[in-house]
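Participant: Give me a model of this one.
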Amino acid sequence: MKNIKYYLAVLAYLLSSNIVELKSQNVSGRLEPAIPLRNPDRGFHLESNYFVHNYINPFNRLETYPGGFVDERLKRFGAEKDSITLTQLYLYLSDYVDRDIPQEAFERMQVIFDNLEAKGFKAILRFAYNYTGLNTSGGETEAIISRHLEQLRPFLRKNLGLVATCQMGFIGAWGEWHNSPLSKNQEAKNKLVNTLLDIFPKEYCLQMRYPRQNFCFIDGRYL
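Facilitator: Numbering: from 1, shown residues only. As a prediction, the model looks like this:
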């Protein structure tokens, strides 16, 4: 019994000592703001839009790359210290809707991706043709999308480490799969999805606009 009382007394002393020590610390000074956690591939993102053929933003013709890119967007939104690592990157292939993508277009895209790497960013990537929006068509066809995907294959493989995810895109207004002759062409959409699934490693998550669009997946294929 005496031993138990002794140990309890020692424990009480130790606890009281810690309390005194904590109270004696100076916690009334100015608290520094917490540094945002740098969390690659997640969190808030910026957004940039460019025609591939001339670097111009389709929605702001006064903005030409590198205008509207990472540094300018961070400054515009006061986010320089927010540890953002993602940007939604829309690349419009509008000028090539009836022809092959030329080599100089790939060189321009590579400049953008090299800049992403230099700044420690990754892209939420989407390709599209139609930038004018509703009640219009970008003129894209199943054949031209298939041809462009095969042209893009080595480019995308080369830059895999700079793509956080790729959105299906290509078809319809802003690549959203509506307002296009292909919007109800399931065969064309199947081919697009399966080609992108083949281009990207299986570890990658590709994005579709609506959950219902996933209903066509059967045994890992889009049917």
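Participant: Which per-residue confidence value corresponds to Phe217?
Facilitator: pLDDT, Phe217: 63.
Participant: and Phe113, what does it touch?
Facilitator: The contact partners of Phe113, by C-beta atoms under 8 Å, 6 or more residues apart in numbering, come to 123, 159, 162. Glycine gets a C-beta too; all of them are placed from N, C-alpha and C.
Participant: looking at this, it is in a strand?
Facilitator: No - counting by DSSP: H, G, I helix; E, B strand; the rest coil, Phe113 is located in no strand; its state is helix.
Participant: re earlier: could you tell me which of the contacts of Phe113 are located in strands?
Facilitator: Among the contacts of Phe113, the residues falling in strands (DSSP state E) are Ala123.
Participant: and of the contacts of Phe113, the nearest to Ala105?
Facilitator: Ala105 lies nearest to Asn159 out of the contacts of Phe113, by C-beta to C-beta, at 14.2 Å.
Participant: Counting neighbours, what do you get for the closest one?
Facilitator: By the measure other C-beta atoms under 10 Å, the count of residues near Asn159 is 19.
Participant: What of the one 10 residues further on?
Facilitator: By the other C-beta under 10 Å criterion, the neighbourhood of Gly169 contains 24 residues.
Participant: Make 127 the starting number, not 1.
Facilitator: Got it, the first residue is 127 from now on, which makes the last one we talked about Gly295.
Participant: which SS state does the nearest residue to it once chain neighbours are set aside fall under?
Facilitator: Distance criterion C-beta to C-beta, 6 or more residues apart in numbering; nearest residue to Gly295, sequence neighbours excluded, is Gly301 at 3.2 Å. For Gly301, the assignment made with three-state DSSP gives coil.
Participant: residues contacting Gly301?
Facilitator: Contacts of Gly301 by C-beta under 8 Å, 6+ apart are 216, 252-256, 293-295.
Participant: mind putting the contacts of Phe239 in TSV, pLDDT and distance to Phe185 included?
Facilitator: As requested, those are exported to TSV (pLDDT from 0 to 100; distance: C-beta to C-beta, whole Å):
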residue	pLDDT	distance to Phe185
Ala249	97	18
Asn285	98	24
Leu288	97	23
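Participant: Who does the spatially most central residue of the chain form a beta bridge with?
Facilitator: Geometric centre of the chain, nearest residue: Ile250, 2.0 Å, by C-alpha atoms, centre = their mean. Ile250 has these beta-bridge partners by DSSP bridges: Gln214, Thr291.
Participant: Mind pulling up the pLDDT for Glu233?
Facilitator: With respect to pLDDT, Glu233 has a value of 98.
Participant: what's the answer for the one 3 residues further on, then?
Facilitator: Reading off the confidence values, Gln236 has pLDDT 98.
Participant: downstream neighbour of the helix or strand bottoming out on mean pLDDT in the chain in the secondary structure list?
Facilitator: Every helix and strand in the chain was compared by mean pLDDT, DSSP states H and E; the lowest is helix 128-150, with a mean of 49. Downstream of helix 128-150, the next assigned helix or strand under DSSP states H and E is strand 171-177.
Participant: Quick one: mean pLDDT over that following strand.
Facilitator: Regarding strand 171-177, the rounded mean pLDDT is 97.
Participant: Check which helices and strands it sits against.
Facilitator: Here strand 171-177 touches strand 182-183, helix 196-202, strand 212-218, going by 3 or more C-beta pairs under 8 Å, 6 or more residues apart in numbering; DSSP states H and E.
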